[in-house]
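A.B. asks: Curious how this folds, go ahead:
(3 chains)
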Amino acid sequence: MNRRKFLLLSAVAVAGLTFAPAIKPAFAASKLEEEIKKRLGVELNAIKESAEIRLIAPTIAESGANVPITVEADIPADKVERLWIFVDKNPIPWVTDVKFTPQNGQVFLSTRIKMGETSNVRAILQLKDGTFVMATKEVKVTAGGCG
Amino acid sequence: MATGTSIVRVPKEAQKGQVIRVQMVITHPMTPPRRDPQTGQETPGYFLTKLQLFYNDQLVSEMNMAAGISANPFIALPLKVENSGVVKIAYEDNKGGKWEKTAEITVK
Amino acid sequence: MRKILLTSAVFGLACAGFLSYQAVKAQDQELSPEEEIRLVQEFNRMMAEGINPGEIWAEIGKEAFKKYNLDKCDFGLGPGKIEGALAQLPRYFPDAKKVMDLETRIGWCLQQYAGMTPEQVKKFVQQCWGKSQCMGEYDAIVMYVSMASNGYKINVNLKDPQVKRMYEIGKQIYYARLGPWDFNCATCHAGQQEVRIRATRLWSADRPGEAGQAVAIFPKYLVRWAQPMTMHYRYSECMRQMRWPTFEPHSDLAVALSTFLYGTANGTEIKVPGIGR
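C.D. replies: Predicted coordinates:
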């Protein structure tokens, strides 16, 4: 192989390595994906977004210490097993899970979560038939203002 | 001082079959586990691990949590009431702390 | 042939890289400052839903109120009467021969009826200052008494000459440039122009209603310290940030500022506790 070809191949290799991460954000499974696999027994990319479940969370959180989230779903409580909340970029992405029974009457949860940085928040509903539905919202965590 | 002090709020009255909101808030630091970067020493953290919602002593809902939930957390859950009764919220934390709080609902 | 293939490969990777970079950049779109402020206000509105953890302090305060004999304390409406008390404070108290705000009056009554010395009162007041998740009896008492005025409209009697005098002094202090940085309350909380710290729009005593919105919710539960903050603690923090001399709780300075602030807030409905960062 002559020098020119070697240099050209090297350029291609470097370009490939530089841009590859941008093309596919992570080659290895992220912490989030591992947590979901561990706790739900399915791959994250097998879970579909659905309008049947709604996640209400602020677009901007002035403080990551106390982020209000509300989840509600149209699916009847007796078809539901458990509601899971994950925050992609938290040190531990799993935040909470709630078991629902028909006596709840509906699927609803309102609470306050901690977020370390700007991240997606995910509400995943595990149904009794083994399927999952999800709602995702990105919350921007900013440094607070005054005080 | 008074970790584990809580408030439970429900409507005083409800219709038969109505789905009401049970609102609660409890004082708890919800401190995450930490690993001192210099000494390598780990502190286990201090946080609620479980909340149980009972109605007339029947378990309706159970919430597992850890330090990803905010300090002094607020939680609201739904409850379908068919008869009058007592809502009971039971809390547990990772150091064996246990607290309960009740509230009554009259169903017409 | 191979040269063409290699060149195409390099060109293709470069394009892919460029497009990915654009995609990543688009996700991080900058919000306009107005959008940011609106969204932060929306965040604060969402935080105020549900039950405010500060209310738990009022439950503790109810016990502490009795424990320290504050049912003997006259807040202006008769001994032990707290419903509506905050709404008519600060006011002149003939027994003390001074104008007092709520916290100063509590401090006075702790000396009269709970046998505390002024030093003990100061320690009691500052029990939770600089801490987090601190459940102090003083903060609990202030919360308990303040919440009893929820729904009442602030009604400081500015016709009383003593109160008016404190109001004017408070106003002077508010707008007087002091300390090594020449700061004052008005540096941040006055004027018609919008003053912002990052995405938080600060209230101004010169824009109608805003001082009221700020004070009518004190004590305010702060999520960053997981505990409530009283007005005097707030004064202390502001003055620390302005590099003013160390603030003394229950001082005449505090009463003067409270009279100016609550006097300016006349007509605002009390809604305690507030919640914020």
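A.B. asks: ok, and for the strand or helix carrying A:Val139, which residues are buried?
C.D. replies: Using DSSP states H and E, A:Val139 falls within strand A:132-141. For strand A:132-141, a neighbour-count test (16 or more other Cβ atoms under 10 Å in any protein chain shown) marks A:Phe132, A:Val133, A:Met134, A:Ala135, A:Val139, A:Lys140, A:Val141 as buried. Placement of C-beta: from N, CA and C, glycine included.
A.B. asks: Show me which residues of chain B are close to chain A?
C.D. replies: Residues of chain B lying close to chain A (Cβ under 8 Å from any Cβ of the partner chain) are B:19, B:21, B:30, B:32, B:55, B:58-71, B:73-80.
A.B. asks: List the ones among those residues that fall in helices.
C.D. replies: Nothing among these maps onto helices, per DSSP state H.
A.B. asks: Please check the residues you listed and keep the buried ones.
C.D. replies: B:19, B:30, B:32, B:55, B:60-71, B:73-80.
A.B. asks: Counting only strands, which of the residues you listed make the cut?
C.D. replies: Among these, the ones falling in strands (DSSP state E) are B:19, B:55, B:60-65, B:74-80.
A.B. asks: burial measure for C:Tyr152, as a count.
C.D. replies: As a burial measure, C:Tyr152 scores 16 neighbours (other Cβ atoms under 10 Å in any protein chain shown).
A.B. asks: OK, contacts around it?
C.D. replies: Contacts for C:Tyr152 (Cβ atoms under 8 Å, 6 or more residues apart in numbering or on different chains) come out as C:Glu83, C:Gly84, C:Leu86, C:Ala87, C:Glu269, C:Ile270.
A.B. asks: quick one: the last one and C:Ala148 touch, right?
C.D. replies: No. C:Ile270 is beyond contact range of C:Ala148, at 9.5 Å (criterion: Cβ atoms under 8 Å).
A.B. asks: how close does the residue of chain B positioned farthest from its centre sit to C:Phe218?
C.D. replies: Using Cα atoms, centre = their mean, the residue of chain B lying farthest from its centre is B:Gln38. It sits 35.5 Å away. Distance of B:Gln38 to C:Phe218, computed by Cβ to Cβ, to the nearest Å: 40 Å.
A.B. asks: Could you check the pLDDT of residue 25?
C.D. replies: Here I'm looking at chain A. Per-residue confidence (pLDDT) for A:Pro25: 52.
A.B. asks: think we crossed wires, I meant chain B
C.D. replies: pLDDT, B:Val25: 98.
A.B. asks: Where does it sit: helix, strand or coil?
C.D. replies: Three-state assignment for B:Val25 (DSSP: H, G, I helix; E, B strand; the rest coil): strand.
A.B. asks: For it, the count of nearby residues, please.
C.D. replies: 23.
A.B. asks: That one reaches C:Ile51, doesn't it?
C.D. replies: Yes. At 4.3 Å, B:Val25 counts as touching C:Ile51 under the criterion of Cβ under 8 Å.
A.B. asks: Chain neighbours aside, what residue packs nearest to the closest residue to chain B within chain A?
C.D. replies: Proximity of chain A to chain B (Cβ to the nearest Cβ) peaks at A:Gly105, 2.9 Å away. Spatial nearest neighbour of A:Gly105, excluding adjacent residues (Cβ to Cβ, 6 or more residues apart in numbering or on different chains): B:Lys80 at 2.9 Å.
A.B. asks: anything in contact with each of B:Val25 and C:Ile51?
C.D. replies: Common neighbours of B:Val25 and C:Ile51 (Cβ under 8 Å, 6+ apart) are B:Ile7, B:Phe74.
A.B. asks: List the contacts of the strand holding A:Val139.
C.D. replies: For strand A:132-141, contacts defined as Cβ under 8 Å, 6+ apart pick out A:40, A:42, A:46-50, A:52-61, A:63-64, A:67, A:71, A:73, A:75, A:115-127.
A.B. asks: Show the buried residues in the residues you listed.
C.D. replies: By 16+ other Cβ under 10 Å, these give A:40, A:47, A:50, A:53, A:55, A:57-61, A:63-64, A:67, A:71, A:73, A:75, A:115, A:118-126 as buried.
A.B. asks: among the residues you listed, which are in helices?
C.D. replies: Per DSSP H, these map to helices at A:Leu40.
A.B. asks: wait, does stretch C:35-49 contact chain A?
C.D. replies: Yes. Applying Cβ under 8 Å from any Cβ, one finds stretch C:35-49 in contact with chain A at C:Glu36, C:Leu39, C:Val40, C:Glu42, C:Phe43, C:Asn44, C:Met46, C:Met47, C:Glu49.
A.B. asks: quick one on the thing from earlier: quickly list what's touching both of C:Ile270 and C:Ala148.
C.D. replies: Shared contacts of C:Ile270 and C:Ala148 (Cβ under 8 Å, 6+ apart): C:Leu86.
A.B. asks: Does C:Leu89 touch C:Val163 like I think?
C.D. replies: No. C:Leu89 is beyond contact range of C:Val163, at 9.9 Å (criterion: Cβ under 8 Å).
A.B. asks: Those two - which one has more neighbours?
C.D. replies: Between C:Leu89 and C:Val163, C:Leu89 has the larger neighbour count (other Cβ under 10 Å), namely 29 against 21.
A.B. asks: C:Gln112 versus that one, what's the distance?
C.D. replies: 17 Å.
A.B. asks: Please apply the same query to B:Gln58.
C.D. replies: 52 Å.
A.B. asks: Where does the prediction get shaky in the chain?
C.D. replies: Let's take chain A. Along chain A, segments meeting pLDDT under 70 span A:1, A:15-28, A:143-147.
A.B. asks: my bad, chain C
C.D. replies: C:8-10, C:12, C:14-29.
A.B. asks: Just want the residue of the stretch 51-200 of chain C that's nearest chain A.
C.D. replies: C:Thr200 (2.5 Å).
A.B. asks: in the sheet, who's paired with that residue?
C.D. replies: C:Ile197 (DSSP bridges).
A.B. asks: Sheet partners, orientation included, of whichever strand or helix holds B:Trp99?
C.D. replies: Using DSSP H and E, B:Trp99 sits in strand B:98-107. Partner strands and pairing direction for strand B:98-107 (DSSP bridges) are strand B:13-14 (parallel), strand B:85-93 (antiparallel).
A.B. asks: buried stuff in stretch B:4-14?
C.D. replies: Those would be B:Thr5, B:Ser6, B:Ile7, B:Val8, B:Val10, B:Ala14, for stretch B:4-14 by 16+ other Cβ under 10 Å.
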